[in-house]
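Trainee: no sequence on hand, only this structure:
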């Protein structure tokens, strides 16, 4: 398996091109400056993947570098390690941060992954379907359990009576009749398969969540083949809108997180 001199040279060139890619570095700087593993905004909890749970629906304890975390503290710890991987001055901390990024990518207890293994290799090269199986965290089978969903919202400091979870990375098999609105409207799964690779599985090209002063709307998009196909078949991109929640009284700017910040600024100015 040892590489020949020529192969070694190709690998080195590829590594330098990848690590030194200006666009990639710009994207990473943007993610670190603006991104997060979760976001709490206007009574909505947004995250990608899952909150690791046990079979009984309780928050799963996860070991990281000798310490135990669960729920919100797990997200916060992982986010801290990601930033250490880029910015830590201590070389050992920096290395630890890099290792944790691999954990986030494919560890069974990672909120962004949440499966017992990654079977990409098997799906590409092995015909036997049983090798393609990826066992998911219990979270995915508990999305309709109100007690579990309320527990997650409370863990992140939100009121279950008025809050929602906006969940990405869970393709919705719309063609099989699956609904993106779970748990009586408390969970909204917005990844209907925007990526072309998922569209055969889902039957659509993803969802857009619209949150305005009237409430919450989910818009489902039909797959788009090509400009040529659209012209030849005189077929426009069709979108279907579903009302998730309509408010009795319209929300005002003052009711939003930005409104709260503006009120604080007004008080400061008045002082």
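Mentor: Noted; the coordinates are in hand. Quick caveat, the model's predicted, so the values are computed rather than measured.
Trainee: how about the helices in the chain?
Mentor: 5-19, 22-34, 71-87, 91-106, 120-125, 146-155, 196-202, 227-232, 257-270 (DSSP state H).
Trainee: of all those, which one comes closest to residue 215?
Mentor: Residue 215 sits nearest to helix 257-270 of all the helices of the chain, at 16.9 Å, using C-beta to C-beta. For the C-beta atoms, the positions are set from N, CA and C on the backbone; glycine is no exception.
Trainee: can you give the distance of the closest one from its chain's centre?
Mentor: 31 Å (C-alpha atoms, centre = their mean, to the nearest Å).
Trainee: hmm, who's touching it?
Mentor: Residues from elsewhere that reach helix 257-270 (C-beta atoms under 8 Å, 6 or more residues apart in numbering): 41-42, 252-254.
Trainee: least confident of the helices of the chain, on average?
Mentor: Of all the helices of the chain, the minimum mean pLDDT falls on helix 196-202 (a mean of 61).
Trainee: picking up where we left off before, what would the helices of the chain look like in a markdown table with distance to residue 167 and mean neighbour count?
Mentor: Shown next, in a markdown table, are these (distance: least, C-beta to C-beta, whole Å; neighbours: other C-beta atoms under 10 Å):
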| stretch | distance to residue 167 | mean neighbour count |
| --- | --- | --- |
| helix 5-19 | 31 | 10 |
| helix 22-34 | 20 | 10 |
| helix 71-87 | 14 | 17 |
| helix 91-106 | 17 | 14 |
| helix 120-125 | 22 | 11 |
| helix 146-155 | 10 | 18 |
| helix 196-202 | 15 | 15 |
| helix 227-232 | 31 | 10 |
| helix 257-270 | 20 | 10 |
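Trainee: which one, of these, ends up nearest to residue 211?
Mentor: Here helix 257-270 is closest among the helices of the chain (C-beta to C-beta), at 11.7 Å.
Trainee: can you give me the strands for the stretch 101-250 of the chain?
Mentor: Ranges of strands in the stretch 101-250 of the chain, per DSSP state E, counting those that start in this stretch, are 164-168, 181-182, 187-189, 207-212, 215-221, 239-246.
Trainee: OK, contacts around residue 17?
Mentor: Going by C-beta under 8 Å, 6+ apart, residue 17 touches no other residue.
Trainee: which one of the strands of the stretch 101-250 of the chain lies nearest to residue 71?
Mentor: Distance to residue 71, taken as C-beta to C-beta, is lowest for strand 164-168 among these, at 12.9 Å.
Trainee: local confidence estimate at residue 225?
Mentor: So residue 225 comes in at 65 (pLDDT).
Trainee: kindly report the same for residue 171.
Mentor: For residue 171, the predicted pLDDT is 68.
Trainee: mind starting the numbering at 35 from now?
Mentor: All set: I'll call the first residue 35, so the last point we hit is now residue 205.
Trainee: OK, contacts around residue 182?
Mentor: Each residue near residue 182 by C-beta under 8 Å, 6+ apart is listed here: 87, 91, 176.
Trainee: now those as CSV including distance to residue 223, pLDDT and neighbour count?
Mentor: Output for the contacts of residue 182, formatted as CSV (distance: C-beta to C-beta, whole Å; pLDDT from 0 to 100; neighbours: other C-beta atoms under 10 Å):
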residue, distance to residue 223, pLDDT, neighbour count
87, 16, 96, 23
91, 18, 95, 16
176, 13, 95, 21
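Trainee: thought residue 280 was touching residue 251?
Mentor: No - between residue 280 and residue 251 there is no contact under C-beta atoms under 8 Å: 9.1 Å.
Trainee: ok, the two, which is more surrounded?
Mentor: Taking neighbours as other C-beta atoms under 10 Å, residue 280 and residue 251 compare with residue 251 leading, 16 against 9.
Trainee: hang on, isn't the more buried one packed against residue 244?
Mentor: Yes - in this structure, residue 251 is within contact of residue 244 by C-beta under 8 Å, at 4.3 Å.
Trainee: distance check, residue 149 against residue 129.
Mentor: Distance, residue 149 to residue 129, by C-beta to C-beta, to the nearest Å: 26 Å.
Trainee: spit out the contact partners of residue 52.
Mentor: The contact partners of residue 52, by C-beta under 8 Å, 6+ apart, come to residue 58.
Trainee: how close does it get to residue 45?
Mentor: Residue 52 is 11 Å from residue 45, by C-beta to C-beta.
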